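1. Sequence first, predicted model second:
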Amino acid sequence: MPTIQTTYLGDLRTEATHLQSGTQILTDAPTDNQGRGEAFSPTDLVAGALGSCMMTIMGIVARRDGIELTGSGMAITKVMSAEPPRRIARLEITLSMKTPDPLPEEARTKLERAAHTCPVALSLHPEIEQAIHFRWNEE
């Protein structure tokens, strides 16, 4: 059974529907590639998928180990290749991790390892540089 149904709406816009939940996402081509940039571009979704996957897998490990991560977040920067063909060259993610109490180094290492081995990170082409930085309980 399909997971997603996508329809081309014209003018470089698509609408993707997650079939199990009915949730919809619009995409537009970015302004630097003939688009309106009024929604996520497909490559933005790749960048967002990496970040969401990292946080989700860290959340699974944290839940299992009794660690609270609510309020943690990240900043994601997608860098496109300057040379043809057009592709993602680098994804820069800075995770700002919030925990009620400082975590021991062992717990932080376990969570960081989980992020680096999330399914999206392991599925991306090895030529896409993944620059991942963690900040623990910084303001």
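-> Noted; the coordinates are in hand.

2. where do the strands sit along this structure?
-> Using DSSP state E, the strands of the chain run over 4-10, 13-18, 24-28, 73-80, 88-97, 129-136.

3. Give the other helices and strands that the shortest one contacts.
-> This means strand 24-28. In terms of contacts (3 or more C-beta pairs under 8 Å, 6 or more residues apart in numbering; DSSP states H and E), strand 24-28 is packed against strand 13-18, helix 42-65. All C-beta atoms are positioned from the backbone trio N, CA, C, and that covers glycine.

4. would a markdown table of the strands of the chain with mean pLDDT be doable?
-> Below are those laid out as a markdown table (pLDDT from 0 to 100):
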| stretch | mean pLDDT |
| --- | --- |
| strand 4-10 | 98 |
| strand 13-18 | 98 |
| strand 24-28 | 97 |
| strand 73-80 | 98 |
| strand 88-97 | 98 |
| strand 129-136 | 98 |
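
5. Residue 48 touches residue 39, doesn't it?
-> No. Residue 48 sits out of contact with residue 39 when judged by C-beta atoms under 8 Å, with a separation of 11.9 Å.
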